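Colleague: sequence-free structure coming up:
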Ligand SMILES: NC(=O)c1ccc[n+]([C@@H]2O[C@H](COP(=O)([O-])OP(=O)(O)OC[C@H]3O[C@@H](n4cnc5c(N)ncnc54)[C@H](OP(=O)(O)O)[C@@H]3O)[C@@H](O)[C@H]2O)c1
């Protein structure tokens, strides 16, 4: 049995769908507060549900019963409920899950983190991810940590200021920094391939897209595809640093930290990884074709 924690989220629901499509047994952790549409969508596809919460250890013990592989994509950064701080969910809650999985005899644990590189700053979500990865590595389970690059569907989407449909975009930093934009669908494919591969046992794997492109290059792709110039607003790195320094809570500080990661760029050489896991990866051009009006 595979348990997906974060099953109602962007990445987790894709992992669930791919496992189910491949005919693998899958159990989805959902919360009483999860979106009813998302829960009934899982149910309608015949996915086994386990009600629980990372802040409730007993619920995780029950969810992990009979499980061989745990995938954890959960995070409180977007979907917070009353009292669910990053510390309670991303740090203490993930620790609960690692402990529950180990106690239940889970063999393999795949944890989704993000790429940081050698940056000179830290922020609460990054610290929580680091602590979870360390805890997992010292558990008795075989582990894989996926350090994913920036999701194109999220950071090249309207919620984060990339409103391609209306030709208005916000660029973080100079716009010249190369980024290995990756599709969350490809990250899901990697997570599953890694869970099923001996080579990925006890390994951290960086997962980026097929090509590193700067935001300015991305904008040119969208402009060519849509046939019109985009209006570009630029947020310089010092402004993001000021936002981080002036943050009044861990979520604000984390958002500023994530924006600084984007502004700093992230180029991943995927050649070796793709030789080992021959996954066909989505390009930014393909993504642009999918989101721009025809
Ligand atoms: N976005 C990026 O560019 C990016 C890049 C690299 C790595 N990542 C990582 O990828 C992972 C997945 O991201 P995503 O975009 O799929 O996140 P998401 O859509 O916000 O999904 C978060 C999931 O976590 C669940 N969750 C939140 N608090 C919980 C709790 N207390 N107990 C149990 N479940 C809880 C949510 O459940 P509810 O539906 O019940 O709220 C939801 O299923 C994250 O760990 C993120 O750090 C993201």
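Modeller: Received, thanks. From a predicted model like this one, the values you see are computed outputs, not experimental measurements.

Colleague: which residue ranges form the helices in the stretch 151-294 of the chain?
Modeller: Listed from the start of the chain, the stretch 151-294 of the chain has helices (DSSP state H, counting those that start in this stretch) covering 152-155, 184-195, 215-226, 237-245, 250-264, 271-276, 284-291.

Colleague: Let's have the ones you listed in JSON lines, adding mean neighbour count.
Modeller: Backbone N, C-alpha and C define where each C-beta goes, glycine included. Shown next, in JSON lines, are the helices of the stretch 151-294 of the chain (neighbours: other Cβ atoms under 10 Å):
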{"stretch": "helix 152-155", "mean neighbour count": "20"}
{"stretch": "helix 184-195", "mean neighbour count": "23"}
{"stretch": "helix 215-226", "mean neighbour count": "17"}
{"stretch": "helix 237-245", "mean neighbour count": "15"}
{"stretch": "helix 250-264", "mean neighbour count": "20"}
{"stretch": "helix 271-276", "mean neighbour count": "12"}
{"stretch": "helix 284-291", "mean neighbour count": "16"}
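
Colleague: Can you say which of those is nearest to the ligand?
Modeller: Set against the ligand and scored by Cβ to the nearest ligand atom, the helices of the stretch 151-294 of the chain come closest in helix 152-155, at 4.1 Å.

Colleague: Show me what the closest one is packed up against.
Modeller: helix 284-291 (3 or more Cβ pairs under 8 Å, 6 or more residues apart in numbering; DSSP states H and E).

Colleague: Run the contact check for the helix it packs on versus the ligand.
Modeller: No - in terms of Cβ under 6 Å from any ligand atom, no part of helix 284-291 sits within range of the ligand; the closest distance is 13.1 Å.

Colleague: Quick one: work out the angle between that helix and helix 215-226.
Modeller: Using axes from the mean of the first three to the mean of the last three Cα atoms, to 10 degrees, the interaxial angle of helix 284-291 with respect to helix 215-226 works out to 50 degrees.

Colleague: Could you check how far helix 284-291 is from the centre of its chain?
Modeller: 19 Å (Cα atoms, centre = their mean, to the nearest Å).

Colleague: Quick one: name the residues of the stretch 51-200 of the chain near the ligand.
Modeller: The stretch 51-200 of the chain comes close to the ligand at residues 53-55, 73-76, 78-79, 84, 89, 93, 112, 114, 148, 150-151, 154-155, as judged by Cβ under 6 Å from any ligand atom.

Colleague: Of the residues you listed, which belong to helices?
Modeller: The subset of those located in helices under the criterion DSSP state H comprises 154-155.

Colleague: Which among the residues of the stretch 51-200 of the chain next to the ligand count as buried?
Modeller: Buried members of these, counted by 16 or more other Cβ atoms under 10 Å: 53-55, 73-76, 79, 84, 89, 93, 112, 114, 148, 150-151, 154-155.

Colleague: pLDDT value on the residue in the stretch 1-150 of the chain that the ligand sits nearest to, please?
Modeller: Among the residues of the stretch 1-150 of the chain, residue 9 lies nearest to the ligand; the distance is 2.1 Å by Cβ to the nearest ligand atom. Note on residue 9: pLDDT of 96.

Colleague: now the strands for the stretch 101-250 of the chain?
Modeller: Taking DSSP state E, counting those that start in this stretch as the criterion, the stretch 101-250 of the chain carries its strands at 108-114, 142-148, 162-163, 168-172, 203-207, 231-235.
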